[in-house]
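*Asks:* Here you go, sequence then predicted model.
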Amino acid sequence: MTAARLIGDGRAGGAAPPGGVRGALIVARFSLRESLRRRVFVVVGLLTFVFLALYGLATWQAFKAADDFTGATEAGVEADVVVGATLAGLAMFAILFLGTILAVFLTLGAVRGDAERGLLQPLLVRPLPRRTLLLGRWLGATAVCAPYVVVVALGAFLITDALGGWWPDRLVGPLLALALGVAIIAALSLAGSIALASTANGIAVFMLFGAGLTAGLLGQIAEAIGSDSLDDIARVATWALPFEALYQAGLAELTVDTVGFTRLAIDLGPFGGAESGGAGLWLWSLAYLAAVGAVAVAAFARRDL
Amino acid sequence: MPAALSVMGLRKAYGSVQALRGIDLEVAAGELFGLLGPNGAGKSTLVKIACGLVRPSAGAVDVCGSPAGSAAAHAQLGYLAELFRFPDWCTADELLGLHQELIGSAGGVAERRELLALVELGDVPGRRVGAMSKGMQQRLGLAQALVGAPRLLLLDEPTSALDPAGRRTVRQLLERLRERGVSVLFNSHLLSEVELVCDRVAIIDGGEVVAAGTPAELSRAGGVEVETAAGVRTFRDATRDDAPRIVRELVAAGEDVYGVRALSSNLEDAYLEAVGRAPAAGAEDASEAPADAADGAAGRGADEADEAA
């Protein structure tokens, strides 16, 4: 039997085991294949279509109502810009939420959950460093979530443009902010999966998301009442949860060139308190991502399975 | 050539619980080594440390000369966990393909086909794991452990979900692996399985090796039983070689002898004695006992150990 050639001949392998990046790509590809096979893309695609259809309906109605409202124009406010920017800002929040759901559900049981089910051990006895497995799982989740939020946000902007003639002042910044935001959430969820059971981890990450949302609302309130202290608290909180700071930065860039009374009117909506954060925010977000990764790697290395 | 597995002074504590209290053992190249012990004895912990899944508190474990947990050690071993699961969405072929990639095996389709054929899954390479019975999944687990032609196989209860035919397939597979120089650490509650295939056995209890040796060494002589007109007399310290002398002496003393049996303890007796649950009086099996009877006895022994643990 030919099996004798391959079985038990005392030679492991035949080719070199994969290195760090190659190993991570193997794991990421397997994770993506799982998403595909479990029809994650089909379900998400269908529901996203429903979301965009509802968004389109709301946009159509909102611009129609804005056309009937002449008071704004007389006051020097471009109603179409206010409506378009407000709708796009709200869509960005909804898209960040959808991206968060995807990121969390793709990673919440990646370590402890998979270990408890016995899925992880067969992989980790291969010459695959634990950090490589984590990197692969993160890449797999981010490869789904980041393009998802970019495509859906782009779709929302196109709908807004088609139905109301509004287009964001900046495009790349907001899209990248959303993508990096969900990448950070995926990393937090993956890190949480090392210590927490799946359900507890899911709850924890959504509570963090809620905390970020609260920080954003605090910023809006601070802007409305002109409180510097509250503004400082909101800023620290959003930077501590940089996915929120990135969302705020993306939001700010949507209308970065808008000025005058239209600017004032926009700031009364979800844009109140939104600020770009500048290059510092991007560097901080990348450093934050690296720090979460380092903590996750250190914790995973110490974990008995 | 370094030992396939070398365990030196291995200790592991989970908080205040001492799971392993200084284990020393060695599995030579091509050796089939059985690990026995009641639940909670530390067998799985030992195997997991050898796989690099659990960190030892003290001591050292080397796999083919490389520290356990290192990439070099991982490249030399195959592992089947007691409680394992494979992604239910992927097929048998895809699963083996993933493990080929992870270990860097160049075996390709040919290796996958041969491994599946070896565990009698050759006709279902495209079947999803979720559509397989537990026994099929366990056989797939064995095939997975063999990807990349490992030098050391660590098998934690590899036959627990198999029917008798499946267990025989695994036994035959293990024997073939031994012929090819592959070392196997075989952790099982099925004492009869271990007795049938293992070259050496270690019995662990309370995190310590309480007995070790070949199955024959552990299954030592248990005396000679002689049936006379006065009843059955047992000579505990006698061996089979002493039987003719005992009969001669009894006949010379005027007794009528109707039957003689050389007794030997089996691995189950040795196991129960080693873990502090000595077999009941008269429970010794005669050396001539058929294999089926020995299987049944071993199975009962395992059940008793489970319950006790």
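*Replies:* Nice, thanks for sending it over.
*Asks:* going forward, measure contacts between C-alpha atoms and count neighbours the same way
*Replies:* Will do.
*Asks:* any low-confidence regions in the stretch 1-150 of chain A?
*Replies:* A:1-17, A:19, A:69-75 (pLDDT under 70).
*Asks:* mind listing the helices in the chain by residue range?
*Replies:* Answering for chain A, as no chain was given. Along chain A, counting by DSSP state H, helices occupy A:3-6, A:20-37, A:40-68, A:71-74, A:79-107, A:112-117, A:121-124, A:130-164, A:172-195, A:198-225, A:228-240, A:242-254, A:260-267, A:278-301.
*Asks:* that answer is for a different chain, and I need it for chain B
*Replies:* B:43-51, B:71-74, B:92-103, B:108-118, B:134-146, B:164-179, B:191-197, B:215-218, B:243-252, B:267-274, B:291-308.
*Asks:* tilt between the fifth one and helix B:92-103?
*Replies:* Meaning helix B:134-146. 30 degrees (axes from the mean of the first three to the mean of the last three CA atoms, to 10 degrees).
*Asks:* quick one, what contacts the closest residue to residue B:188 other than its chain neighbours?
*Replies:* Distances taken as CA to CA, 6 or more residues apart in numbering or on different chains place residue B:157 nearest to residue B:188, at 4.7 Å, with adjacent residues excluded. Contacts of residue B:157 were listed using CA atoms under 8 Å, 6 or more residues apart in numbering or on different chains, and they are B:81, B:82, B:186, B:187, B:188, B:189.
*Asks:* cool, and residue A:27?
*Replies:* Counted by CA under 8 Å, 6+ apart, residue A:27 has contacts A:133, A:136, A:137, A:140.
*Asks:* ok, 10 Å please
*Replies:* A:21, A:33, A:123, A:128, A:132-140, B:98, B:101-102 (CA atoms under 10 Å, 6 or more residues apart in numbering or on different chains).
*Asks:* Over to residue B:139?
*Replies:* B:80, B:115-116, B:118-121, B:133, B:145, B:158-159, B:161-162, B:166-167, B:169-170.
*Asks:* Close to chain A as well: tell me which of these qualify.
*Replies:* B:80, B:115, B:116, B:118, B:145 (CA under 10 Å from any CA of the partner chain).
*Asks:* Is the first one in contact with residue B:154, as I believe?
*Replies:* Meaning residue B:80. Yes - contact criterion CA atoms under 10 Å: residue B:80 and residue B:154 qualify, at 6.5 Å.
*Asks:* close enough to count as contact, residue B:189 and residue B:35?
*Replies:* Yes - applying CA under 10 Å as the test, residue B:189 and residue B:35 come out as touching, 8.8 Å apart.
*Asks:* Which residue lies closest in space to the closest residue to chain B within the stretch 151-300 of chain A, excluding its sequence neighbours?
*Replies:* In the stretch 151-300 of chain A, the residue that lies nearest chain B is residue A:300 (10.8 Å; CA to the nearest CA). Spatial nearest neighbour of residue A:300, excluding adjacent residues (CA to CA, 6+ apart): residue A:194 at 6.2 Å.
*Asks:* filter the contacts of residue B:157 to the buried ones?
*Replies:* B:81, B:82, B:186, B:187, B:188, B:189 (16 or more other CA atoms under 10 Å in any protein chain shown).
*Asks:* ok, now which ones touch the fifth one?
*Replies:* When you say that, I think you mean residue B:188. By CA under 10 Å, 6+ apart, the neighbours of residue B:188 are B:34-38, B:43, B:82, B:155-160, B:194, B:302.
*Asks:* For chain A, see how far away it is.
*Replies:* 18 Å (CA to the nearest CA, to the nearest Å).
*Asks:* Would you map out the domains in chain B?
*Replies:* Following automatic domain parsing, one gets these domains for chain B: B:5-216, B:220-308.
*Asks:* Show me the residue at the heart of the chain, geometrically.
*Replies:* You didn't say which chain, so I picked chain A. residue A:182 (1.7 Å; CA atoms, centre = their mean).
*Asks:* not what I meant, chain B
*Replies:* Closest-to-mean residue, chain B, CA atoms, centre = their mean: residue B:34 / 3.3 Å.
*Asks:* correct me, but that one touches residue B:174?
*Replies:* No - using CA under 10 Å, residue B:34 is not in contact with residue B:174; the gap is 11.7 Å.
*Asks:* what's the overlap in contacts for the two?
*Replies:* B:184, B:186, B:197, B:198.
*Asks:* Quick one: neighbours of residue A:244, just the number.
*Replies:* Per other CA atoms under 10 Å in any protein chain shown, the neighbour tally for residue A:244 reads 29.
*Asks:* Identify the residues contacting it.
*Replies:* A:93, A:96, A:177-178, A:181-182, A:208-216, A:235, A:237-238, A:250.
*Asks:* If we use 7 Å, what do you get?
*Replies:* Residues in contact with residue A:244 (CA atoms under 7 Å, 6 or more residues apart in numbering or on different chains) are A:212, A:213, A:216, A:238.
*Asks:* neighbour-wise, which of the residues you listed leads?
*Replies:* residue A:216 (26 neighbours).
*Asks:* how close does the nearest residue to residue B:37 once chain neighbours are set aside sit to chain A?
*Replies:* Nearest-residue entry for residue B:37: residue B:204, 4.9 Å, with adjacent residues in sequence omitted and distances by CA to CA, 6+ apart. According to CA to the nearest CA, residue B:204 stands 21 Å off from chain A.
*Asks:* In this structure residue B:204 contacts residue B:39, no?
*Replies:* No - Residue B:204 lies out of contact with residue B:39 (CA atoms under 7 Å); the separation is 9.9 Å.
*Asks:* Give me the more crowded residue out of these two.
*Replies:* Shown here are residue B:204 and residue B:39; by other CA under 10 Å, residue B:204 has more neighbours (25 against 18).
*Asks:* In contact with that one, which residues?
*Replies:* Counted by CA under 7 Å, 6+ apart, residue B:204 has contacts B:36, B:37, B:41, B:43, B:210.
*Asks:* Tally up the residues packed near residue 56, please.
*Replies:* The chain I'm using is chain A. Residue A:56, neighbours per other CA under 10 Å, totals 19.
*Asks:* Can you look at chain B instead?
*Replies:* 21.
*Asks:* what's the answer for the one 4 residues further on, then?
*Replies:* For residue B:60, the number of neighbouring residues by other CA under 10 Å comes to 18.
*Asks:* Please apply the same query to the one 4 residues further on.
*Replies:* Residues near residue B:64, counting by other CA under 10 Å, number 24.
*Asks:* Show me what residue B:14 is bridged to.
*Replies:* Residue B:14 has these beta-bridge partners by DSSP bridges: residue B:17.
*Asks:* TSV for the ones next to chain A among the contacts of residue B:139, including distance to residue A:201, pLDDT and neighbour count?
*Replies:* Listed next are these as TSV, based on distance: CA to CA, whole Å; pLDDT from 0 to 100; neighbours: other CA atoms under 10 Å in any protein chain shown:
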residue	distance to residue A:201	pLDDT	neighbour count
B:80	28	92	25
B:115	38	92	26
B:116	37	94	23
B:118	41	87	21
B:145	31	93	26
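*Asks:* The closest residue to chain B within the stretch 201-305 of chain A: what's its closest spatial neighbour, skipping adjacent residues?
*Replies:* Proximity of the stretch 201-305 of chain A to chain B (CA to the nearest CA) peaks at residue A:304, 4.5 Å away. Distances taken as CA to CA, 6+ apart put residue B:54 closest to residue A:304, at 4.5 Å, once the chain neighbours are dropped.
*Asks:* Now do the one you found against residue A:89, distance only.
*Replies:* 48 Å (CA to CA, to the nearest Å).
*Asks:* One more: residue A:274?
*Replies:* 10 Å.
*Asks:* Pull up the overlap in contacts between those two.
*Replies:* residue A:251.
*Asks:* Those two: who's more crowded?
*Replies:* residue A:89 (27 against 23).
*Asks:* With adjacent residues omitted, what lies nearest to that one?
*Replies:* Per CA to CA, 6+ apart, closest to residue A:89 is residue A:251, 6.0 Å.
*Asks:* Run a quick neighbour tally on the one you found.
*Replies:* Neighbours around residue A:251, by other CA under 10 Å: 32.
*Asks:* Does it touch residue A:274 like I think?
*Replies:* Yes - if you go by CA under 7 Å, residue A:251 and residue A:274 touch, sitting 6.3 Å apart.
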